[in-house]
Structure formats: structure tokens, C-alpha cells
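> Let me see the structure of the following:
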Amino acid sequence: MAAIRIVINGVTGRMGAETVAALSKEDDLELVGGTCKQNRGPILATPYSTAIPLSNDLDALLDQTHPDVLVDFTNSAVAMDAAAKAAARSINIVMGASGFSEDQLKQLDDMATNNSVGIIVAPNFALGAIVLKKLAEQAAPYFDYVDIVESHHEAKIDSPSGFALALMRSLGETKQFTRNQPEKENLANTRGGEHNGISVHSIRLPGKSAHHEVIFGAAGQTLSLRHDTLSRDCYMPGVVRCIRDVVTRPGLVIGLENVLGL
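Take a look at the predicted model:
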């Protein structure tokens with residue numbers, strides 16, 4: 001069986017570089033090209049025996065390399081444009097960008113259907129984070145108060161994180177939580193963002209990677225569920241699984257849990 005050919009959009013970023021290293025260990029996956037925002041020359045050295053084409057022109061790179069899968073680690077706006085270019089060429093897509101709106105997800109669903117390609121949107125590739133989400137969904141019916149707290153490095157461009165939004169939406173789609181309204185707010189927005197009574201808080205500090213905590217409250221007790229990412233290699237089994245899965249089934253899949261069948 002031929003190896004799955006892959007292009008990484010955002011190959012020189014943190015997640016892109018980690019994925020390059022991970023793919024070099026898989027016999028059935030072949031990295032054939034990568035893009036970066038700025039011109040860094042025509043080739044990128046990799047752990048492979050040969051370098052790969054590097055470009056800041058995704059259209060040209062896709063036409064040059066003819067990949068089976070585009071893996072995107074950019075941001076939601078850039079990723080939407082990249083997805084349209086890939087889908088039009090019948091290229092499957094794995095998206096690690098965060099913060100997609102409901103309208104953007106609908107557009108991706110249409111792209112997958114109209115072009116008969118697979119698209120996987122994974123707000124978090126870490127298995128532990130997916131388990132956190134499932135446990136929070138199971139706990140939600142028993143509590144009326146909940147806060148979500150997420151922490152990332154200071155250079156993260158969006159807040160809250162895409163995974164925090166996914167947690168918020170999954171918990172808030174089935175019930176309306178209670179959120180206290182202070183009589184006096186001495187500093188605006190200190191209660192965080194709000195959705196269906198769920199408060200969402202974002203922390204941005206150097207030294208942070210990705211940390212998510214769901215805190216439920218009831219009379220006389222709290223329940224805290226937390227996942228901490230200690231290094232980016234924890235994402236790689238999820239990324240590899242999504243690449244192998246996306247070529248097998250057309251359509252849009254949202255969340256690693258739906259790839260794993262959890």
C-alpha cells in the first residue's frame with residue numbers, strides 16, 4: 001500500500017515542527033511539503049533522508065506535491081482559506097487550528113460534502129483532554145454552576161482556546177447553568193466570558209503550554225477536572241491517528257473523540 005502523502009500548513013511553527021518529527025517515525029506516512037508564513041527558502045531539512053519543498057505559496061505547493069492530506073496548524077482565518085484550496089483539489093484535511101465559529105464549521109461541512117473529501121477538526125489532539133471532556137459531560141447534569149479556566153503561553157493569538165470553546169459548547173448545549181450576578185463589579189469582565197451560564201476564563205503567561213480545568217459547584221462542594229499538557233509530543237498520537245482516519249471516510253468530523261469512537 002502506498003504511503004499517505006502529507007503537506008503541513010504552518011510547518012515551521014511549534015506544532016508543525018513536532019509533527020515533522022513524528023511523521024519521520026511512521027512508515028506509512030510521507031511528508032512531501034510544508035508552508036510557512038515568511039519566505040525561508042525553497043527547502044526544509046527534516047529527519048527524513050531528504051529535505052522537503054518549503055513555500056509560502058500554498059496553491060503552488062499543493063500543485064507541486066499532490067498530497068493526500070493537508071494538515072493545518074495555522075489559525076482559523078488562514079485555515080479556512082487553506083481548506084478551500086485543498087478541498088477544491090480533492091485533498092483531505094486535518095485541522096488543528098482553534099476558534100472556529102459555527103458558521104465556519106458549516107462552511108467546512110459543505111466543503112467536505114461538495115468535494116467528497118474528509119475533514120477532521122480537532123480542537124485538542126491530546127487523549128487526556130478528550131477524556132476530560134467526556135467526564136465533564138457526564139458530571140454536568142448533577143451541577144448547576146460551572147467555570148472553565150484555561151491557560152496557555154503568552155504568544156497564543158486567540159482566547160479562549162478552541163478546546164475551551166468546545167468544552168463550553170458541549171456542556172452548554174444541553175442545559176442552562178446558573179451564573180451569579182454580583183451587585184457591584186469593581187473591575188469589568190472579572191467574571192469572565194459567559195455562555196448559557198458557563199463562565200470561561202483565559203490565562204496567558206510565559207512557561208505555560210496548554211491547561212484546561214472544569215470546576216463544578218454545588219452546595220457545600222466542588223468538583224474539579226483538570227488536564228495539563230506537559231510537552232507537545234502528547235499530541236502526536238492523535239495527529240497521526242487523524243491523518244490515517246481522514247483518508248478513509250468523506251465528511252466533516254469534529255473532535256478527536258469522534259475519531260476514536262469515545
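
> Now Phe216. Nearest residue, chain neighbours left out?
Phe143 (3.9 Å; CB to CB, 6 or more residues apart in numbering). In this view, the C-beta of every residue, glycine as well, is placed from N, C-alpha and C.

> Report pLDDT for that neighbour.
Phe143 is assigned 97 on the pLDDT scale.

> If I follow the layout properly, it ends up in contact with Gln221?
No: if you go by CB atoms under 8 Å, Phe143 and Gln221 don't touch, sitting 9.3 Å apart.

> Tell me which of those two has more neighbours.
Phe143 (20 against 8; other CB atoms under 10 Å).

> mind listing what the more buried one touches?
Phe177, Phe216, Gly217, Ala218, Leu223 (CB atoms under 8 Å, 6 or more residues apart in numbering).

> Surely the last one is in a strand?
Yes: the assignment for Leu223 (DSSP: H, G, I helix; E, B strand; the rest coil) places it in a strand.

> Could you report the separation of the spatially closest residue to it that is not a sequence neighbour from Val149?
With CB to CB, 6+ apart as the criterion, Leu223 has its nearest non-adjacent residue at 4.4 Å, and that residue is Phe216. Look at Phe216 and Val149: by CB to CB, to the nearest Å, they are 12 Å apart.

> Also Thr229?
14 Å.

> Which of the three states applies to the residue positioned nearest the centre of the chain?
Centroid check for the chain by CA atoms, centre = their mean gives Pro123 as the closest residue, at 2.7 Å. Look at Pro123: counting by three-state DSSP, its state is coil.

> Surely it is in contact with Gly162?
Yes: counting by CB under 8 Å, Pro123 touches Gly162, with 3.9 Å between them.

> Mutual contacts of these two, please.
Common contacts of Pro123 and Gly162 (CB under 8 Å, 6+ apart): Ser98.

> Just the buried residues out of the contacts of Phe143, in PyMOL syntax.
Buried residues within the contacts of Phe143, by 16 or more other CB atoms under 10 Å, are selected in PyMOL with:
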select buried, resi 177+216+217
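
> Show me the shaky parts of this protein.
48-49 (pLDDT under 70).

> residue boundaries of the helices in it?
Remark: helices assigned in the chain by DSSP state H are 14-23, 58-65, 76-88, 102-115, 127-139, 162-172, 236-246, 256-260.
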